[in-house]
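Enquirer: Next come a sequence and a model predicted from it.
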Amino acid sequence: MERTVDAMVEAIRNWELEAGEGFTDYFMDSWPLGSWAYWLLGKGHTEWANKIINLNEEKQYVDQDVKFEWFDDYEDGVWSEELYCKNVRVWAEFLVESDQYFRRVCKFFDEYFKEEGEES
């Protein structure tokens, strides 16, 4: 996979469409919160990062929407692909910038599509 944000966004959306599942459910939810939250902080997403950090320090459950979906993907009660993709773009930026997570996500996609290919 090309190591660009656009390529990662495309890979995430392709996986979601193929799998019929949310990427955060299957890949991102197992991350340590610190990596993600402090990366957000360093990127200037201060309010988002602090919400995650504060809830975590208070030993409160941090809901997946709080962790990964800062941009509300509903506009006037209707789901918005455009707003959802703003969240996906932030995830993609994180994955592309981190050597460790880039390797992990490439392996995740490779294994998924290899298994899908074997079933056909």
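Expert: Great, that's in hand.

Enquirer: Nearest residue to residue 28 in space, please, no chain neighbours.
Expert: Nearest non-adjacent residue to residue 28, counting by C-beta to C-beta, 6 or more residues apart in numbering: residue 68, 5.9 Å away. Every C-beta, even on glycine, is put in place using the N, C-alpha and C of the backbone.

Enquirer: In this model residue 87 seems to touch the one you found, though I could be wrong.
Expert: Yes. The criterion here is C-beta atoms under 8 Å, and residue 68 meets it with residue 87 at 6.4 Å.

Enquirer: Give me the more crowded residue out of those two.
Expert: When residue 68 and residue 87 are compared for neighbours, residue 68 comes out ahead with 22 against 18, by other C-beta atoms under 10 Å.

Enquirer: Tell me how far the more buried one lies from residue 78.
Expert: Distance from residue 68 to residue 78, counting by C-beta to C-beta, to the nearest Å: 20 Å.

Enquirer: do residue 19 as well
Expert: 24 Å.

Enquirer: In terms of neighbours, single out the busier of those two.
Expert: A direct count of neighbours by other C-beta under 10 Å for residue 19 and residue 78 places residue 19 higher, at 14 against 7.

Enquirer: Contact partners for that one?
Expert: 26, 112 (C-beta atoms under 8 Å, 6 or more residues apart in numbering).

Enquirer: next one: residue 73
Expert: By C-beta under 8 Å, 6+ apart, residue 73 lies in contact with 79, 80, 83, 84, 87.
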